[in-house]
Every structure is written in C-alpha cells, then in structure tokens.
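K.L.:
Give me the fold of what follows.
(chains A and B)
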Amino acid sequence: MKKISVLLNNVLDGIVTVMFIFMLLCAIMQVVFRYVMHISVPWTEEAARFALIFVTFWGAATAIRERDHISILTLFERIPEKPRNILQVVFIVAMGVFLAYVFIGSITMVKLTWNTPVGAIPWLTTGRVYLILPTGVILMMLYLIAWLLETLQALIIPANKVKG
Amino acid sequence: MSFFLFIGVLVALFLIGMPVAFAMGITGFVLLKMLWGGSVNPGIIAQRVLYGVNNFVILAIPFFLLAGKLMNTSGITDRIFHFANLLVGHLRGGMGQVNILASMIFSGMSGLAAADTAGLGVVEIKAMRDAGYDSDFSCAVTGASSTIGPIVPPSVPLVIYGILANVSIGKLLIAGIIPGIFVMVSLMVMVAFYARKKGYPQNERAKLKELWQAFIKAIGPIMTPVILIGGILSGVFTPTEAAAVAALYAFILGFFIYRELTLKDMWRILKETARETATITFIIACAMFYGWVLIRSRTPIALLELFTDISTNPLVVLFILNGFLLMIGCFMETIAALSILVPILTPLILKVGIDPLHFGLIIVLNLMIGLLTPPFGINLFILNKISGVSSLRIARACLPFFIPLITVLVIITIFPQVVTILPNMLMSK
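P.N.:
Okay, here's the model as predicted:
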C-alpha cells in the first residue's frame, strides 16, 4: 500500500513538473517563432494557458499532500492538540464540500463543451481541456481523505501512543 | 452590513488556519447561497474557478518564481554581494549600504520578498556579522531592504494585483521602478544616519580596476532586469514572454555559464516551482470566483457608500486606506490580502477617481511593510530562522526603518506622478 502511494505521488509530481516545463517552452517558442522565424503560431499561447490550468489544479492536489497551501498557521499552531485536530477535521470537511460542488459543476461544463472546438488546436475540444478540472478535483479529494484519516487517527490515538 | 460581518468571520476563519484558497472558495459559496437563497448552480462555481486561471497574463507568475529560484544559488548571490560591496562599501555604514544595494540588484531578478530574504539574506547577514555589525541591526537592514523585491520588476504581487484589478501588467511593473529607487535611497540614508550614531565601520574605497572586475563577474545576473524591463518597454515582449525569457536566461546562466546547477537541481527546482505556482494560481482561481460573487452581493457598493459619507477626496480616501492596509498587512499574508481586498476596493478606487495603477503600488508597498510587523510578518520568521535572533527582537530592531518606509509611502500617496510618470511617458495606451 505504501509503495503504491509513493509511486503514485512520484508519478503525479512528474506529470505536473513536465507540464510546467511544457508551459515554459510554449511561452519561449512564441517569442522564437515571432522574432527569429517571423511566423505567428497561434497555438503556443493556448497550449501554455491550458498547461497552466493543468499545473494549477493537479498541482493543487500535490500541494494538499505536502500541506503546502498558503495558510496562516501562527494562531493555529498555538491551539492545544485536541481542539486543533477537531478544527482540522471541520476544515477538511468544509474543503471537501466545496470541492464536491466544483466537481459537479465541472462535469456539467465538460458535457456542454465536449464538442466545442478549440481555436488553434484542431484535435482538441474545449470539453477535453476542461476535463483537467474534475480530474484535479478528484486527486485533491483523495489527498483530503488521506489527510482526514490521519487527523482522525491522531484524534483517537493520542500522539504519544502512536510514537510508543 | 451583514455581508461585512460575514466576510469578517471568514477572514477570522483563515486567521485560525484554513488554507487561504479554500477559505475564499467557501466564502464565495456561502455568500452565493445567501444571495440566491438555497439553490446554487455548481456550474457557475466551476466556471468561475476555471476561467480565473485561463489567462495568459497569469503565466508571468510561475516564470518570475522560476527565475528568482534559479538566480538564488550561492554562486550568483555571492557575485552580486561582492559587486555591491566594492561599489558602496566605502559609504558610511558600509556593509549596511552593501546589503541594501545587493537587495536592490537582486530585486531585479526575483519577484517575492520572502525569497530574497531566504537566499540573499543568508549571505548578507553573515557578511555583516563578520564585519562586526550586531545581529539585530544586520537582520533589520536585511528585512527592510527585502521589501524592495516586489516593488521593482519582476514582482509577483504586482502581477496578481493587475489581474484582479484589471490593470496593465506591463505598466504596473514599470511603475514600480521609481518607488523602488525611492525605498532604496531612503533606507540608505537611514543606515548612514544610524552608522554615524553608532560609529559603524566603513570599508576603503575600492580601486576602479577591482570594481570593474567585480562588475564583469556580476554582469550576467545584472543583465536580467535589463532584459526584462528593456523587453517590456520596447514592446519586444509581453510581460509574460519577458518573464519566460528571464527564466530561460537564468537557466542558461546557472547551468551553462556558471555551472552552478546540475540537472538534478534543475528538476528539484522545477518541481518546487510547479507546486508553488499551483498554490498561488489556485488562490487566484478561487479569488476570481469570490470576487464575482462579491460584486453581485453589492458589498463593494456598500463600502463605497461608507467611504463617500466620510469623504470623496481621493487623498483622504487614500490615507484612510493606507491606515487600513498597514493594519491588514500586520495580520495577513501578501497574496491572501491582495486576493481578498482588491476585488472589494477596486470599485471604490475607480469611483473616487484614483488611478488604479497608482493604487497598485500603494497597496503592494503597504503589504511589504506588513511583512516586517508582528504578529504575522513573514520576513520576521524567515530572519529568525536564518539568524537565530528572536523574531520579536528583530521586529524591535526594524522599528527605525519604518521611518523611511512610511515616508516613501506618504510620498507616493501624495504624488501619484512618482508612480505613473514612467509608464505613461514610456508606454503608449
């Protein structure tokens, strides 16, 4: 189980990083095409934007795993452990409900735009690009569940016993 | 008024630790439920969140982040510091001046204050301590000078402001140059004043030949802002493209020319930057949804009425906002504060007749000053981590530097020309 999750994490990180590199290359290609080769290539801008959408929503999932999302923890960390963990559970559930709404909404969006062509890239449709959102949300939810389980475990079994 | 109360509660929510992006999304969601009474179309939420980041302009943020990280290797910060040392080390307060100039040069490559403190700050504090300066003063100068980072281009906060307030990113970036120089000069005056009182040492004036050699060694990194600003001003690049080119340039410099980076470092930096990007752009995505709901809730209009009851004089409004923003800056992280406040304040700014370009620099400078104030000043924590001095002591040592910082804030508030002259003169439209 542990091996699988490590593998999954690494694969996910790898995909997000590759998309990031692709995004950078698109922006640079845009400049190169325009000034060096004097041709205008309309798909570079679109591709870069789509890559950013990908990095945002899939990357947000990895950020949940790493607890990297920007939050102000100065007060939070001073709350005693038990009430803090209870608060954490409330936060996670609220985040989950919000993501659930985003998920339902994104499915509607994908359905509505499934056959709408994307301007400059012939084989891609808007709906396929929008698929990034529900898939990213599912990944976020998976990591949220893992976080929830961890917090619940800490609530039920106090930290000193886990270490012992 | 109930909406204000409600937003107050949610601000309190993330003050106790809810991730900022989600706190904004949930605020928007609950606000929407209150407005439309029960039935919320989830399609709207998804659409706003997704549209929020489907924007070529936002791409400047990850590229600025990447360029800053690639430049923040020991080899490059050393070169910059060495050059600054030979250039201004002989002035009164020697190493303090060097610290400020080095931060200014590095600001031209990096878009976040925290990054400047964490990378260059280590070099600066060590050099100042070695030269016999006390730790408190060293930390204070390092912290105060890192506020320049997001004021001069490149700047992540200015790009975020531009996206949320719908202001030209290119103009905003160029507008930061003069205020950035003002901050630098005012801090240098303060250091000179301090050094005179405390009798801090100064170095011997460097020989011209040495200075030239140091300049040649540092010319690579120094060219970054030249490419960036020159590219934007001449219209060769859009700000996003300029950011991408700067990132590529930083990579070529670090990997091929200075050989500071291995492929393994590169992969690690890219992976970190991708994740950091997601944390920022995900906030923008949620902020766009939140801002959209906010406008429909008529909250900005309520705020507008509240303000216009007091005064419609732009200067009075700006001074009230300055007080408010300084206070917010003490409690809130920069990106969070921008995402919450800009959608609320923009209608007010426009209505009272304040140039949003002008206001962009004001809000960012305010929030940068907030990085140095307890209880939540992020720079204080970073300085504490790298120097071992307690953050409260650093905060106290920073106090005198609020004089130059607030002075510059007052100057740019009263004279919008300081901000707007450069972009209006040099850029069309």
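
K.L.:
can you list the residues of the stretch 101-250 of chain B near chain A?
P.N.:
B:Val236, B:Phe237, B:Thr240, B:Glu241, B:Ala243, B:Ala244, B:Val245, B:Ala247, B:Leu248 (Cβ under 8 Å from any Cβ of the partner chain). Placement of C-beta: from N, CA and C, glycine included.

K.L.:
same thing but 7 Å
P.N.:
For the stretch 101-250 of chain B, the residues in contact with chain A (Cβ under 7 Å from any Cβ of the partner chain) are B:Phe237, B:Thr240, B:Glu241, B:Ala244, B:Val245, B:Ala247, B:Leu248.

K.L.:
How far does stretch B:327-335 stretch from one end to the other?
P.N.:
In stretch B:327-335, first residue to last residue: 15 Å (Cα to Cα, to the nearest Å).

K.L.:
mind listing what's buried in it?
P.N.:
Across stretch B:327-335, burial judged by 16 or more other Cβ atoms under 10 Å in any protein chain shown covers B:Ile328, B:Gly329, B:Cys330, B:Phe331, B:Met332, B:Glu333, B:Thr334, B:Ile335.

K.L.:
Please, where are all the helices along the stretch 151-300 of chain B?
P.N.:
All helices of the stretch 151-300 of chain B, identified by DSSP state H, counting those that start in this stretch, fall at B:156-165, B:169-175, B:177-198, B:208-234, B:239-252, B:263-296, B:299-310.

K.L.:
Indicate which one of those is closest to A:Met109.
P.N.:
Ranking the helices of the stretch 151-300 of chain B by their distance to A:Met109 (criterion: Cβ to Cβ) puts helix B:263-296 first, at 13.4 Å.

K.L.:
got the angle for that closest one vs helix B:156-165?
P.N.:
Angle, helix B:263-296 to helix B:156-165, by axes from the mean of the first three to the mean of the last three Cα atoms, to 10 degrees: 30 degrees.

K.L.:
list the helices and strands helix B:263-296 packs on?
P.N.:
Contacting helix B:263-296 under the criterion 3 or more Cβ pairs under 7 Å, 6 or more residues apart in numbering or on different chains; DSSP states H and E are the following elements: helix A:2-35, helix A:43-65, helix B:20-36, helix B:42-53, helix B:60-71, helix B:156-165, helix B:334-352.

K.L.:
Reformat the helices of the stretch 151-300 of chain B as JSON lines; add mean neighbour count and mean pLDDT.
P.N.:
Listed next are the helices of the stretch 151-300 of chain B as JSON lines, based on neighbours: other Cβ atoms under 10 Å in any protein chain shown; pLDDT from 0 to 100:
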{"stretch": "helix B:156-165", "mean neighbour count": "25", "mean pLDDT": "94"}
{"stretch": "helix B:169-175", "mean neighbour count": "26", "mean pLDDT": "93"}
{"stretch": "helix B:177-198", "mean neighbour count": "19", "mean pLDDT": "93"}
{"stretch": "helix B:208-234", "mean neighbour count": "16", "mean pLDDT": "89"}
{"stretch": "helix B:239-252", "mean neighbour count": "24", "mean pLDDT": "91"}
{"stretch": "helix B:263-296", "mean neighbour count": "22", "mean pLDDT": "91"}
{"stretch": "helix B:299-310", "mean neighbour count": "15", "mean pLDDT": "82"}
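
K.L.:
which stretch among those comes nearest B:Tyr133?
P.N.:
Closest approach to B:Tyr133 among these is made by helix B:177-198 (9.1 Å; Cβ to Cβ).

K.L.:
Touching the closest one from outside, list them.
P.N.:
Here helix B:177-198 makes contact (Cβ atoms under 7 Å, 6 or more residues apart in numbering or on different chains) with B:91-93, B:96-97, B:100, B:104, B:107, B:141, B:144-145, B:147-148, B:151-152, B:361, B:365, B:400-401, B:403-405, B:407-408, B:411-412, B:418-419, B:422.

K.L.:
can you check stretch A:107-124 too?
P.N.:
A:42-43, A:46-47, A:125-127, A:129-131, A:134, B:43, B:46-47.

K.L.:
One more: stretch B:72-84?
P.N.:
Contacts to stretch B:72-84, defined as Cβ under 7 Å, 6+ apart, come from residues B:98, B:101-102, B:105-106, B:110, B:115, B:119-120, B:123-124, B:127, B:214-215, B:217-218, B:221, B:254, B:258, B:260-261.

K.L.:
which of those residues count as buried?
P.N.:
The neighbour count (16+ other Cβ under 10 Å) marks B:98, B:101-102, B:105-106, B:110, B:115, B:119-120, B:123-124, B:127, B:214, B:218, B:221, B:254, B:258, B:261 as buried among the contacts of stretch B:72-84.

K.L.:
Please tell me how far B:Glu205 sits from chain A.
P.N.:
Just to correct that, residue B:205 is Arg rather than Glu. B:Arg205 sits 42 Å away from chain A, taking Cβ to the nearest Cβ, to the nearest Å as the criterion.
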